[in-house]
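> Next input, structure requested:
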Amino acid sequence: MYKTLAPGCIGFGKTFKEAAMPAAESGFEGYWFDIHSDSEVDISETRELLDQSKLRAAGFSFPVEFRADEDTYRRDMETLPAFAKYAAAIGANRCVTWIMPGSETLEYAENFEQHRSRLKPAAEIFKDFGISLGLEFIGSPDLILSAKHKFIHDLDRMLELCDAIGTGNCGILVDIWHWDLAGQTRADFGKFTNPDQIVLVHINDAPAGIPKEEQKDSVRKLPGETGVLRIAEFFEGLKSVGYTGPVMPEPFEKKLSSMSFEDALKTVMDSINKVWPD
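As a prediction, the model looks like this:
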């Protein structure tokens, strides 16, 4: 496993060119790309900066708006091969997105089919470039309970969606926040048959003194800050699967954005090191 940075996940809108050297100097080993902005830079320049910083191109976030209307989805899909080609050229072979745990208009079966039919063509494109697609289930009670029609919000159902997509390169973005709040346990890691089924890992913590059913998705803490989320057990599970991929902090901690970028990186790295397994 290697420590990976996505500046947006700690409150900074930095490009790879701006963030690479500070990230490396702070101890990060991988970088998560914003493929929209970062692909505007020539591939050779990005490769050179990866070499200079010694950062690994960990992956990128899904650049297709598949939750909106059909025209928006199709328009975005037309751009996907170019983004996938760029990502493959710099060695970024993982891509992720999240799946909302409910809908105001679609009941479960219809929503499932829409996700399957829209994500499968993307996964097929990625397969041609050697890229895995990771899907994140959302276990936050506030988002689940507020939805008119409930949808996927745990590991079992997300694995079912991956199987239905059926391309062989679709797996899970495992976020300790959603893992813990969805009630997943150490034993649930046994449902992964190989480490490639885990595409990316997010780590963070939850505010103390708040019942699980009252936790808000947008209010989180730095990894290990409160000890509310079972991070030691979480890492044990990842190790049992044999996962060796990127681990990325996603604390949504507002105080970080009030710091300098360098100070925020140090604060985040200190929190990661406190929980990082031997």
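> alpha carbons only for contacts and neighbour counts from here, please
OK.
> ranges for the helices of the stretch 101-250 of the chain?
Ranges of helices within the stretch 101-250 of the chain are 108-128, 141-145, 155-165, 176-181, 231-241, based on DSSP state H, counting those that start in this stretch.
> Any chance you could list what contacts stretch 239-249?
Contacts to stretch 239-249, defined as CA atoms under 8 Å, 6 or more residues apart in numbering, come from residues 1-6, 9-10, 30, 58, 189-190, 192-196, 198-204, 222-223, 268, 272.
> just the CA coordinates of that stretch, formatted as CSV?
Provided in CSV are the C-alpha atoms of stretch 239-249 (Å, rounded to 0.1, in the frame of the first residue of the first chain):
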residue,chain,number,x,y,z
LYS,A,239,-3.7,-6.7,4.4
SER,A,240,-5.6,-10.0,4.5
VAL,A,241,-6.8,-9.4,1.0
GLY,A,242,-3.3,-8.6,-0.2
TYR,A,243,-4.1,-5.1,-1.3
THR,A,244,-1.0,-3.1,-2.3
GLY,A,245,-2.6,-0.1,-4.1
PRO,A,246,-3.1,3.5,-3.3
VAL,A,247,-4.5,4.7,0.1
MET,A,248,-5.8,8.3,0.0
PRO,A,249,-6.9,10.6,2.8
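> what comes up buried for that stretch?
Of the residues in stretch 239-249, V241, Y243, G245, P246, V247, M248, P249 count as buried by neighbour count, 16 or more other CA atoms under 10 Å.
> Check stretch 4-12 too.
T4, L5, A6, P7, G8, C9, I10, G11, F12.
> same check, this time on stretch 108-123
By 16+ other CA under 10 Å, the buried positions in stretch 108-123 come out as Y108, N111, F112, H115, R116, R118, L119, K120, A122, A123.
> and K266, what does it touch?
The neighbours of K266, taking CA under 8 Å, 6+ apart as the test, are S26.
> Need the pLDDT of it.
What the model reports for K266 is a pLDDT of 98.
> for the one 3 residues further on, same thing?
Looking at M269, its pLDDT reads 98.
> what's the answer for L145, then?
pLDDT, read off for L145, is 89.
> measure it to G102 for me?
9 Å (CA to CA, to the nearest Å).
> When the two are compared, which one has more neighbours?
More crowded of L145 and G102, by other CA atoms under 10 Å: G102, with 22 against 13.
> Which strand residues bridge that one?
For G102, the beta-bridge partners under DSSP bridges are K150.
> wait, D38 sits on T15?
Yes: judged on CA atoms under 8 Å, D38 makes contact with T15 at a distance of 6.2 Å.
> Against K85, how distant is the closest residue to P277 other than its chain neighbours?
Excluding the flanking residues, the one nearest P277 by CA to CA, 6 or more residues apart in numbering is F235, at 6.8 Å. As judged by CA to CA, F235 and K85 stand 32 Å apart.
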